[in-house]
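> Requesting a structural model of the entry that follows:
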Amino acid sequence: MRQQIGKSQLALLIVLFVIGSTPLFELGIKAKQNSWIAMTMAAAAGLLLTAMYLFIQRRAPDAELAKLYKIHFGKWIGSAVGMLHAVWFAYESMRNVRDVGELTSAALLNITPKWLIMLFIVLVAVYTVSKGVEVFVRVVQLLFPIAAVSYLLLIILLFFSGLVKFDQLLPVMEDGPMPVIQAAFPDLVSFPFAQLVVMFMFWNLVKERKSIAKVTLLSQCAVSGFLIFMNALILCVLGPALAGATGLPLLQAVQLIRLFNFLERLDIIVTLLLFIGLYVKITALYLASLLVTESVTGVAQRNLVFPIGAAIYGASFLEPNNTFHIWLGLDVTLKIVPLFQVALPLMMLIVGVRKRYKKGLAGGGSPQAAK
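Residues are numbered from 1 along each chain as shown. Modelled structure (predicted):
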């Protein structure tokens, strides 16, 4: 029986997936106090990319990513590109697994072995994936209120603690727009906004087809606004110098909260948010890799769960240390990822338009007639 998800579940999945661990960091800090402006520019570009993804999806509403590749590039090339994308999804899932290990052991659970932290998160993801997409989105529904209340609580406490100083956002663009543009493109577009390319694996499962575009774009606008706000809030609390010097700026900001001489040490909330965000991201990417592999190879989903999960966990140890992990992510991965987020979807867009144009001419009509 074909699995299906509702439009509200899609909305919550998009929100939690894009959030991930993003608010814990100060993205675009190269732009200093203007990093929130860089986030705004990147979010706008991310919306344009998502609109392109949705346009491609509308050509074949029942198709997921691997089938879309076959439709546009042919069976053999499409299958090869699909498998390449499956490997990339698994790689991105692995990077998030390693993030859990590095961030948790370095800043939150110093004594707990890194391998045990990563094993825990992978086993939870394996169990979820083995139950299918419907169970995963139900888990997302359960986690969303917890994440929302936790973030709301932290925001309220930061304001009530008197830590928020809006003058930390000044001066605005004192060096002109170029530093802000350089901080936004391509890095901030690639992470986190263009990662919505993974939704190609979930849009075809939504029951309310006519609502997909509206729900997706509204959800992305909402979560983008939240991320921009959190970016500016951390700047207002820590200032650009301290925010850029610490590994987990949100954790640093939360550790400054002191209320009523007893309300402090709220690190547990940051830990909870870290695990929720990265769990959703790891599982969504893991599930996407599995579904693409199943579509290309024809191997049953249940036979792929453990091999792909084991590969993700095993690959998370290939990076010798956190320095190498960060270098690989920022200096290598971000140069390759536009192939999957921009180049391949753009090629599908162009090939699809050309095919429709030829169809119109072959039928003796205009290109518009083919539409």
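
> Output the lowest mean pLDDT helix or strand found in the protein.
Lowest on mean pLDDT, DSSP states H and E among the helices and strands of the chain sits helix 344-362, with a mean of 69.

> In the stretch 151-300 of the chain, where is pLDDT below threshold?
Along the stretch 151-300 of the chain, the model assigns pLDDT under 70 to residues 260-264.

> Can you show me the helices along it?
Taking DSSP state H, counting those that start in this stretch to define them, one finds helices in the stretch 151-300 of the chain at 178-183, 189-190, 212-245, 249-254, 267-297.

> Phe17: which of those helices is closest?
Counting by Cβ to Cβ, Phe17 lies closest to helix 267-297 out of those; the figure is 5.3 Å. The way it works is simple: take the backbone N, C-alpha and C, and place the C-beta from them, glycine included.

> continuing past the closest one, what's the next helix or strand?
helix 301-315 (DSSP states H and E).

> just so I know, which of the helices of the stretch 151-300 of the chain lies nearest Phe25?
Of all the helices of the stretch 151-300 of the chain, it is helix 249-254 that lies closest to Phe25, at 6.4 Å by Cβ to Cβ.

> tell me how far that closest one is from the chain's mean position?
21 Å (Cα atoms, centre = their mean, to the nearest Å).

> Would you mind pulling the contact partners of it?
Residues from elsewhere that reach helix 249-254, judged by Cβ atoms under 8 Å, 6 or more residues apart in numbering: 23-26, 107-108, 154, 157-158, 163, 230, 233-234, 237-238, 242-243, 246, 266-267, 269-270.

> try it again with 7 Å
23-26, 107, 154, 158, 234, 237-238, 243, 246, 266-267, 269-270 (Cβ atoms under 7 Å, 6 or more residues apart in numbering).

> Can you turn the buried part of those residues into a PyMOL selection?
One line in PyMOL is enough to select the buried ones among these; burial here means 16 or more other Cβ atoms under 10 Å:
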select buried, resi 23+24+25+26+107+154+158+234+237+238+243+246+266+269+270
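
> May I see the buried residues of stretch 50-62?
So stretch 50-62, judged by 16+ other Cβ under 10 Å, has buried residues Thr50, Met52, Tyr53, Leu54, Ile56, Gln57, Arg59.

> Assign the closest residue to Phe144 other than its chain neighbours to helix, strand or coil.
Leaving out its chain neighbours, the residue that sits closest to Phe144 by Cβ to Cβ, 6 or more residues apart in numbering is Leu12, at 4.8 Å. Following DSSP: H, G, I helix; E, B strand; the rest coil, the label given to Leu12 is helix.

> Leu12: how many residues sit nearby?
Other residues within reach of Leu12, judged by other Cβ atoms under 10 Å, total 22.

> Then Ile276?
The burial count for Ile276: 20, using other Cβ under 10 Å.

> how about it, what does it touch?
Listed by Cβ under 7 Å, 6+ apart, the contact partners of Ile276 are Leu143, Ile146, Ala147.

> Quick check on those residues: which are buried?
Here, 16+ other Cβ under 10 Å leaves Leu143, Ala147 buried among the contacts of Ile276.

> and the contacts of Ile276 as TSV, adding distance to Gln33 and pLDDT?
Below are those laid out as TSV (distance: Cβ to Cβ, whole Å; pLDDT from 0 to 100):
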residue	distance to Gln33	pLDDT
Leu143	33	96
Ile146	32	96
Ala147	27	95
